[in-house]
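> sequence and predicted model, in that order:
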Amino acid sequence: MKRDFKQLFTIYFKIFKRKIKKLKKINIKEMIINLNNILESKDTEDTYASNNSVIQYKNKFLELSKKYNITEVELNKDISNINFDFIFNIFLSNETLHREFIDIMFANKKYYSTIEELVDDGFDVQYFFYARDEKNMDSIQDFKSICVKRKSDDKVFVGYILPTTSTNIVYEDYFFISNSIYAYYYNTKTIELGGKAESDISDILKYMESNDISDLHFQLLDEYSYYFTARFGQEIIRITTAPVNKEYVDKIYNQALIKIGKDSLSNPPEVSGLLKERLLSKGGKLTDRTFRFHSMFDNKGHYQGRAVSIRKLMNYEEISALGLQGLNYSQRAIDLLNKAASNSHGIILITGKTNSGKSTLLYCILSALYDEGRRIKSIESPVEVVAPFSQVDLTRTEDAEEKYKMTRAVAVAALLRQDPDVVLLQEIRTEEEVEEFVELGLKGHLAYSTAHTGSVQETILRILKSSPDQKVLKETLKLIVTQELIGKKCQECKAIKVKDSICKNCNDMGVKGLLPVYEIAYFKDLGKLDITDMKNVVKSNGVEYISKKDIAREYKALDLITDKDYIRIMTYEKDLRE
């Protein structure tokens, strides 16, 4: 026979009252009645008669529903048919009824109507964003609650529409939340996007800015929903604890199309562009921020949707203010980069995979050259970092008639007549683009570009595949940098997790900030050396060389690199001296 709420609470209290004095936190699982099981039960009328509190609970709901003219309740007058889900759904659609019910049945517990009230009481409404325990996150999403942390003492609280099955997480206490707060967390299925349920693309961008997220991804989960992930160095972290409605993602996608000047009624297989927004940075300064938006068709099993990626870009002022040292390059690396930049002609390549910091390094070098008075011209598609030197944006005429288009070939030919000292070609992909790039170095210009390759040796082989004359390449090639970014080990917690504690510096990520790991080859005297055999070139002292393993060892000595990244680099990366 089921006991009422007071009986159960008394039993639990007696069992744990000796232990409670020693505990700083109370497990809600041991302290809250499982109302869901009681309300879902199909006991006989005699059983209900002996369970007066449940009858009172349901009768109070019926009484208030009649007061508020809830038609769904009128159609379900049989008390045995009223279960937890039924009551929950009624409360979601009638906040006044919900508030009055909670005030009567749980008068000793606080009720929050808005997110602002939670914030005013000192709760961190972004707590879930930093939750990394997948088991805990899954248990939260399975029932009707939220989880927040109080900033003053880091104690964790759970907020219910109605109390139901608990989780394995230990909480300090619980309270009740309105349906609008529930909608904020679950109907929109986003965590702190502008502090409101109806968030839009601008709120997404504000969220990325305020939380130092460099990359945000929308991944297809099933036919009706998505989940969001964010990148922190080499780590991809899932940041939504519940599925995100497909309708919400469709809305964000269409808003982004309008912002980047694309037709929102069309449905191209791939679309990309730049989102520009004036945002308030973490330091409280207004910043003109550019984000790179990309979307493409995505399939998961039988379901089709769109994969969306949004990347936050540093602006020119931030890059130039940091300089190479601020971007965490070693003094030896800085010396080689400066030595290459002092040449009057030749080609310099910055390579690496997507999100490896190529553009940031490139603009950092160019900003120093601009400050020296060098005449710089760039050809980009599109211009991602607005700089004070001349920049040709090829996307400006991509929709124009053929005779009015500024193609890459036309732009290169026109640019050479502008008497530049330094030329930037944003990225080389095709054989024609590689040949154009090498030609720039032969024609007396110092040319910079980027490419997607994973090592110095791979970069040389790729260039020779398109422009096979080794003699020409040896004459023009000055420097190759191949790099990636890793998370910088948190200097507070040192990536060591402490039970029942969250590092405030890194929010338990174990990393805070980014570090470049790079391979650099500065070509000085190649002579008759065969550059397809870079091991022999390095051995013959034809280049000044830094390997990724060298950098990993330096970071290890300074305790800046996580064990995971150090082992990966030392195991899989090649050193041309070995």
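Structure's in. What do you need?
> just give me the residue closest to the centre of the protein.
What sits nearest the mean C-alpha location of the chain, by Cα atoms, centre = their mean, is A230, with 2.2 Å.
> per-domain residue ranges of the protein.
In the domain annotation for the chain, the residue ranges read 5-185, 190-313, 316-488+513-548 (automatic domain parsing).
> and Y316, how far from E398?
24 Å (Cβ to Cβ, to the nearest Å). C-beta: built from backbone N, CA, C; applies to glycine.
> more neighbours, those two?
Each of Y316 and E398 has its neighbours counted (other Cβ atoms under 10 Å); Y316 has more, 17 against 12.
> got a list of contacts for the top strand by length along the chain?
Across the chain, the longest stretch assigned as strand under DSSP state E is strand 286-300. If you take Cβ atoms under 8 Å, 6 or more residues apart in numbering as the criterion, strand 286-300 is touched by 205, 208-209, 219-222, 253, 256, 259-260, 269-281, 304-313, 315, 384-386.
> just the helices in the stretch 201-350 of the chain please.
Shown for the stretch 201-350 of the chain, the helices assigned by DSSP state H, counting those that start in this stretch span residues 201-210, 246-259, 316-326, 331-341.
> worst average pLDDT in those helices?
Lowest mean pLDDT of the helices of the stretch 201-350 of the chain: helix 201-210, a mean of 80.
> who are the packing partners of that helix?
For helix 201-210, the helices and strands in contact under the criterion 3 or more Cβ pairs under 8 Å, 6 or more residues apart in numbering; DSSP states H and E are helix 246-259, strand 270-280, strand 286-300, strand 303-313.
> give me that answer again for 7 Å
If contacts are counted by 3 or more Cβ pairs under 7 Å, 6 or more residues apart in numbering; DSSP states H and E, helix 201-210 sits against helix 246-259, strand 270-280, strand 303-313.
> in TSV: the ones you listed, plus distance to S367.
Shown next, in TSV, are these (distance: least, Cβ to Cβ, whole Å):
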stretch	distance to S367
helix 246-259	27
strand 270-280	20
strand 303-313	15
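> using a markdown table, lay out those together with distance to L526 and mean neighbour count.
Formatted as a markdown table, the helices and strands packed on helix 201-210 follow (distance: least, Cβ to Cβ, whole Å; neighbours: other Cβ atoms under 10 Å):
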| stretch | distance to L526 | mean neighbour count |
| --- | --- | --- |
| helix 246-259 | 47 | 17 |
| strand 270-280 | 38 | 15 |
| strand 303-313 | 36 | 19 |
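> out of those, which gets nearest to G487?
With Cβ to Cβ as the criterion, G487 lies closest to strand 303-313 of the helices and strands packed on helix 201-210, at 16.1 Å.
> and that closest one, how far out from the chain middle?
Centroid separation for strand 303-313 versus its chain: 11 Å, with Cα atoms, centre = their mean, to the nearest Å.
> packing partners for it?
Strand 303-313 is packed against helix 201-210, strand 215-220, helix 246-259, strand 286-300, with contacts defined by 3+ Cβ pairs under 7 Å, 6+ apart.
> between helix 201-210 and the second one, find me the angle.
Between strand 215-220 and helix 201-210, the angle comes out at 130 degrees (axes from the mean of the first three to the mean of the last three Cα atoms, to 10 degrees).
> just list what strand 215-220 packs against, helices and strands only.
Strand 215-220 makes packing contacts with strand 225-232, strand 303-313 when contacts are defined by 3+ Cβ pairs under 7 Å, 6+ apart.
> for S330, find the nearest of those.
Ranking the helices and strands packed on strand 215-220 by their distance to S330 (criterion: Cβ to Cβ) puts strand 225-232 first, at 22.7 Å.
> which intervals of the stretch 151-300 of the chain have sub-threshold pLDDT?
Scanning the stretch 151-300 of the chain for pLDDT under 70 picks out 163-172, 183-199, 232-234, 241, 280-285.
> CA atoms of stretch 560-576 as PDB?
Provided in PDB are the C-alpha atoms of stretch 560-576 (Å, rounded to 0.1, in the frame of the first residue of the first chain):
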ATOM      1  CA  LEU A 560      51.200  24.000 -21.000                       C
ATOM      2  CA  ILE A 561      50.100  20.900 -22.900                       C
ATOM      3  CA  THR A 562      47.700  18.100 -21.800                       C
ATOM      4  CA  ASP A 563      49.000  14.600 -21.600                       C
ATOM      5  CA  LYS A 564      46.600  13.500 -24.300                       C
ATOM      6  CA  ASP A 565      47.900  16.100 -26.900                       C
ATOM      7  CA  TYR A 566      51.500  15.400 -25.900                       C
ATOM      8  CA  ILE A 567      51.200  11.700 -26.400                       C
ATOM      9  CA  ARG A 568      49.400  12.100 -29.700                       C
ATOM     10  CA  ILE A 569      52.000  14.500 -31.200                       C
ATOM     11  CA  MET A 570      55.000  12.500 -30.000                       C
ATOM     12  CA  THR A 571      53.400   9.300 -31.300                       C
ATOM     13  CA  TYR A 572      52.000  10.300 -34.700                       C
ATOM     14  CA  GLU A 573      53.800  13.500 -35.900                       C
ATOM     15  CA  LYS A 574      57.000  13.100 -38.000                       C
ATOM     16  CA  ASP A 575      60.300  14.800 -37.300                       C
ATOM     17  CA  LEU A 576      62.400  15.100 -40.500                       C
END
